[in-house]
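J.: fold the following and give me the result.
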Amino acid sequence: MAVAVAVMFAASSCGAPTTIDPGPRVVRADPPAGRPEPVPEPPPPADTPPPDAPPPDPGALGPAVDRPAWLGTRPLPLRPDGFGQIQPTPPELVDRRLATPDVLAPPPDDVFVATVATLPDDVAARSTWQPACPVARADLRYVTVSFWGFDQRPHTGELLVHADVAEEVVGVFRRLHDARFPIEEMRVTRADELDAHPTGDDNNTGGFVCRPSRSTTAWSEHAYGRAVDINPFHNPYVKGDVVLPELASAYVDRSWTRPGMIVAGDVVTAAFADLGWGWGGEWRSSRDPMHFSTTGR
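T.: Numbers count the residues shown, from 1 in each chain. Take a look at the predicted model:
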């Protein structure tokens, strides 16, 4: 079914309405990544279906399940490199299709809606932004978009991105919404999460996070607001014996396609490729299929 696009207007800081054409109309309002490399070892065996079991149809979501009460509450023992210990995927998460927790009010219908605003004070206060970050607060935008959850219901997500790419990011999520690509959760990363003990089960889709790249002291592309991660648990980062999130080993095998996974040639990779963004799923020394950025890093 074709998805209509909601048309919304608001005055920008210079008093004129801002629109995107083609694509959804977007509201502008004022205001409303140094750790040592681990010694490579093979990751623990992933939970996989029997060899003769046919893979599920990625388009046939079926019912979502309630979020386990223990989700996010069981800290993992730490490795010498500071990551959590890589452990087998819990049975409930081997084919993860969890209901979405609503952070913002869900849209009233299946019409795609997006807003772009300068960073409001309350959002800045709960985000990871601080003056030492490599991007000025004035250069970040607070973006909200409609998305489809694994519960087959529309939800409203939020993320921060650089002003220069805000409209492009809205266009990507419009295409994902049109295709009903499922996303579990989309919210602004909190400052306290940067130093939180890893539980290995996070699955938040997001943009700006003021942190260095993994295992380095250099700023991540996320710290500039020019990168987006989508469904991290379904699309884990893998390098040597490191799997992040640490409980996502069941998703290291990319040949067993499940809903929420990002694979070459799908709607997600196509949407970002059309913008000229790079994909971590194509990296050589590591794989990061959740990750898209303007520089390819």
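J.: okay, strands next: where are they in the stretch 151-297 of the chain?
T.: Assigned by DSSP state E, counting those that start in this stretch, the strands in the stretch 151-297 of the chain fall at 154-162, 185-186, 204-205, 227-229, 237-239, 242-244, 278-279, 291-293.
J.: buried residues, the fifth one. List them.
T.: Burial within strand 237-239, assessed by neighbour count using 16 or more other Cβ atoms under 10 Å, is assigned to 237, 238, 239. Every C-beta, even on glycine, is put in place using the N, C-alpha and C of the backbone.
J.: same check, this time on stretch 98-109
T.: Neighbour counts using 16+ other Cβ under 10 Å place 98, 99, 100, 103, 107 of stretch 98-109 among the buried residues.
J.: what helix or strand is the last one on?
T.: Remark: residue 107 resides in no helix or strand, with elements defined by DSSP states H and E.
J.: need the pLDDT of residue 64.
T.: pLDDT recorded at residue 64 is 83.
J.: and it, how far is that from residue 260?
T.: 11 Å (Cβ to Cβ, to the nearest Å).
J.: these two: which is more packed in?
T.: residue 260 (23 against 19; other Cβ atoms under 10 Å).
J.: might you report the residue contacts of that one?
T.: By Cβ atoms under 8 Å, 6 or more residues apart in numbering, the contact list for residue 260 reads 96, 97, 150, 181, 182, 183, 184, 231, 234, 235.
J.: how many residues are close by the second one?
T.: It stands for residue 97. Residues within reach of residue 97, counting by other Cβ under 10 Å, total 22.
J.: so it makes contact with residue 150?
T.: Yes - with contacts counted by Cβ atoms under 8 Å, residue 97 reaches residue 150, the gap being 4.3 Å.
J.: quickly list what's touching both of those two.
T.: What both residue 97 and residue 150 touch, as defined by Cβ under 8 Å, 6+ apart, is the set 61, 64, 182, 259, 260.
J.: got JSON lines for the residues you listed, with distance to residue 127 too?
T.: Shown next, in JSON lines, are these (distance: Cβ to Cβ, whole Å):
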{"residue": "61", "distance to residue 127": "31"}
{"residue": "64", "distance to residue 127": "28"}
{"residue": "182", "distance to residue 127": "25"}
{"residue": "259", "distance to residue 127": "29"}
{"residue": "260", "distance to residue 127": "25"}
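J.: between which two of these is the distance greatest?
T.: The distance between the two most remote of the shared contacts of residue 97 and residue 150 (Cβ to Cβ) is 10.9 Å, for 64 and 260.
J.: what touches both of these two?
T.: With Cβ under 8 Å, 6+ apart as the test, residue 64 and residue 260 both reach 97, 150.
J.: report the separation between the residue nearest the centre of the chain and residue 245.
T.: With distances taken as Cα atoms, centre = their mean, residue 205 lies nearest the centre of the chain, 2.1 Å away. Between residue 205 and residue 245 the computed distance is 13 Å (Cβ to Cβ).
J.: what's the overlap in contacts for those two?
T.: Shared contacts of residue 205 and residue 245, counting by Cβ under 8 Å, 6+ apart, come down to residue 232.
J.: and the helices in this protein?
T.: Along the chain, the stretches classed as helices by DSSP state H are 121-126, 166-178, 267-273.
J.: those helices: which one's closest to residue 134?
T.: Among the helices of the chain, the nearest to residue 134 by Cβ to Cβ is helix 121-126 (15.8 Å).
J.: residue ranges in the stretch 1-150 of the chain under the pLDDT threshold?
T.: Along the stretch 1-150 of the chain, the parts satisfying pLDDT under 70 run over 1-62.
J.: change it to 50
T.: For the stretch 1-150 of the chain, residues meeting the criterion pLDDT under 50 lie at 1-48, 50-59.
J.: which parts of it are strands?
T.: With strands called from DSSP E, counting those that start in this stretch, the stretch 1-150 of the chain shows them at 27-29, 114-118, 140-148.
J.: and the angle for the second one with strand 154-162?
T.: An angle of 30 degrees separates the directions of strand 114-118 and strand 154-162 when computed by axes from the mean of the first three to the mean of the last three Cα atoms, to 10 degrees.
J.: for strand 114-118, packing partners?
T.: If you count contacts as 3 or more Cβ pairs under 8 Å, 6 or more residues apart in numbering; DSSP states H and E, strand 114-118 packs onto strand 27-29, strand 140-148, helix 166-178.
J.: quick one: which of these is nearest residue 223?
T.: strand 140-148 (10.9 Å).
J.: and residue 282, how many neighbours?
T.: Using other Cβ under 10 Å, residue 282 has 12 neighbouring residues.
J.: end to end on stretch 118-128, go ahead and measure it.
T.: Taking Cα to Cα, to the nearest Å, the first and last residues of stretch 118-128 lie 16 Å apart.
J.: many thanks, have a good one.
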